[in-house]
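> Would you be able to build a 3D model of this:
(one chain, ligands or ions: 2)
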Amino acid sequence: MNTNDYLRLLPKTELHCHFASTMSAAQLIAFADREGVVLPTTDPALLFNFTDLADFLEAFRAAHQVLTTADDFAQVAYDGVRAAVAAGSVRYREYAINPQYFAPRGIGYREILDPIIDGLRAAQTDLGVGFRIVVAINRHDSPADAVQLVETMVANPLPEVVALGQDDLTPELTEDPARFADAYALARRHGLRTTAHAGERHLDSAENVRVALDVLKVDRVDHGYMIVEDPELTERARESQIPFAATPLSTTICSGWTLDHNHRIAQMVRAGLNVSFSTDDALFFRTDMAREFQEAIPAFGLDLDDAKNIALAGIDGAFCDDDEKRSMRAQFTAQIAALDAALADTPTSR
Ligand code: HPA
Ligand code: ZN
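Ligands and ions are numbered 1, 2, ... in the order given. As a prediction, the model looks like this:
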C-alpha cells in the first residue's frame with residue numbers, strides 16, 4: 001500500500017456536497033438530451049472548463065433543468081452513493097438540495113425530496129452509507145422566497161432533512177449572508193441546524209464569515225476560507241471549534257487558487273480550526289473524495305496524521321445524531337488502525 005492507496009481507502013464523511021453534482025457526466029448528457037436542455041458541448045473533457053464561480057454556476061443551474069422525474073432523482077441518488085464509495089471510501093454524506101431551482105418547472109418540494117430520500121435509503125441499506133439533507137436557500141432569489149422555503153420545510157417535516165443552508169450567489173454576484181437572516185431565525189426557532197456558504201472567494205470576505213456566525217448563528221460554515229484574513233475571528237473559530245466544510249479542488253476553479261502550503265485551507269488547518277474535506281461539486285470539478293485528499297494533503301504540506309484528523313473532523317461537523325456519530329467514530333478508528341498496520345507492513349513505505 002502506498003500513501004495514495006491509504007488516502008483513497010481512508011474512511012470519509014462528506015458534509016458539503018450538492019445533490020445535482022453527484023450526477024455522472026453520462027447521466028447529465030443523457031438527461032439533457034431527453035429534456036432538450038442544450039449544453040455548451042457534449043464532450044465531457046470540454047464540458048467542465050470554468051473561469052470562476054459565476055461561470056460554473058451557469059452550468060450548475062443547467063444541471064437542475066435536466067432532473068425531472070421521480071426515477072431521475074432516485075437513480076442519481078443511488079448511483080451517486082455507489083460512485084462515492086468506490087472512488088473515495090465515503091461512509092456518510094450530507095447533501096445540499098436547492099428546491100428553488102426546480103420551482104419554475106413546477107416540481108414541488110416533496111416531488112424532489114421524497115424520491116431522493118428513497119434512493120439514498122436504498123443506498124444506505126445496500127452500502128451502509130448514512131446521510132442527511134441540508135435544504136439550501138437560492139441566494140439568487142429574494143429573502144421572502146427564502147422564508148417561504150423554510151415555511152415549506154417546517155410544514156413538511158422529514159427525518160432526514162435536518163438543516164438549512166444557502167448557495168448560488170445573489171444577483172449582484174455576492175454572498176451577502178445577512179440578506180437571509182429572517183429565514184435562518186425561523187429555521188432555528190423550529191429546531192433546524194444551519195450552515196452557509198461564506199467567505200468562499202477572494203472577492204468575498206472574513207466579514208461574511210463573521211455575519212454567518214454572529215447574525216445567522218450557523219452551526220457550521222461551508223468554505224469560510226477568507227477567515228484567515230482576520231486573526232481575531234480565526235482565534236474565535238479555533239476556540240469554539242465550529243466546523244468548516246472545505247472543498248480544496250473547487251478553490252482552484254472557483255477562485256483560481258493554487259494548492260500549496262500557503263493555501264487558505266492549509267492556513268486554517270495549521271491554525272487548529274475544525275476542518276473537514278468535501279468535493280462540493282464532484283461532477284463539475286472532476287473530482288472525488290480520494291482526489292481531494294490525494295492532491296490537497298501533500299500540496300498543503302500536511303501528513304497522514306493531519307489526513308486522519310480531517311477525516312474524523314467530518315464526524316464532529318455532521319448533523320446526524322450522537323449515537324450515529326459514536327458508531328461512525330468507532331468504525332473509522334478501527335478502519336484507520338487497519339490501514340496504519342497495512343501501510344507499516346508495506347516494505348516500500350519504510
Ligand atoms: N458556491 C456557491 N454556490 C454553489 C457552490 C459554491 O461553491 N457550489 C454549488 N453551488
Ligand atoms: Zn458548495
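
> Quick check: closest non-adjacent residue to Leu9.
Ser89 (5.4 Å; C-beta to C-beta, 6 or more residues apart in numbering). The C-beta positions use only the backbone N, C-alpha and C, and glycine is treated the same way.

> Next: Val90.
Nearest to Val90 is Ala84, by C-beta to C-beta, 6+ apart, at 4.0 Å.

> Likewise for Ala63?
In this structure, Ala63 finds its nearest non-sequential neighbour in Ala20, 4.5 Å apart by C-beta to C-beta, 6+ apart.

> Now for that neighbour: which residues touch it?
Residues near Ala20 by C-beta atoms under 8 Å, 6 or more residues apart in numbering: 60, 63-64, 67, 76, 101, 283.

> Report the entries of these that also contact ligand 1.
Among the contacts of Ala20, the residues within reach of ligand 1 (C-beta under 6 Å from any ligand atom) are Phe60.

> Return the subset of the contacts of Ala20 lying in helices.
60, 63-64, 76, 283 (DSSP state H).

> which among those gets closest to ligand 1?
Ligand 1 lies nearest to Phe60 out of the ones in helices among the contacts of Ala20, by C-beta to the nearest ligand atom, at 5.3 Å.

> can I assume that closest one is in contact with Phe284?
Yes - applying C-beta atoms under 8 Å, one finds Phe60 in contact with Phe284, separated by 6.5 Å.

> Quick check: closest non-adjacent residue to the residue of the chain found nearest ligand 1.
In the chain, the residue found nearest to ligand 1 is Asp167; the distance is 3.7 Å by C-beta to the nearest ligand atom. In space, and not counting its chain neighbours, Asp167 is closest to Ala136: 4.5 Å by C-beta to C-beta, 6+ apart.

> OK, contacts around Val129?
Val129 sits next to 81, 84-85, 90-93, 123 when contact means C-beta under 8 Å, 6+ apart.

> Just the pLDDT at it, thanks.
We have a pLDDT of 98 for Val129.

> what about the residue nearest to it when sequence neighbours are not counted, neighbour count?
Closest residue in space to Val129, ignoring its immediate chain neighbours: Val81 at 5.1 Å, by C-beta to C-beta, 6+ apart. Residues lying near Val81 (other C-beta atoms under 10 Å) number 23.

> that's a helix at Leu15, yeah?
No - counting by DSSP: H, G, I helix; E, B strand; the rest coil, Leu15 falls outside a helix, being strand.

> thinking again about what came up before, who wins for most neighbours among the ones in helices among the contacts of Ala20?
Neighbour counts for the ones in helices among the contacts of Ala20, by other C-beta under 10 Å, peak at Leu283, which reaches 25 neighbours.

> Touching, that one and Ala26? I think so.
No - applying C-beta under 8 Å as the test, Leu283 and Ala26 come out as separate, 10.3 Å apart.

> quick one, strands of the stretch 51-200 of the chain?
For the stretch 51-200 of the chain, applying DSSP state E, counting those that start in this stretch gives strands covering 90-97, 130-138, 161-167, 193-198.

> Report the angle between the second one and strand 90-97.
Looking back up the chat, that one is strand 130-138. Here strand 130-138 points in a direction 20 degrees away from that of strand 90-97 (axes from the mean of the first three to the mean of the last three C-alpha atoms, to 10 degrees).
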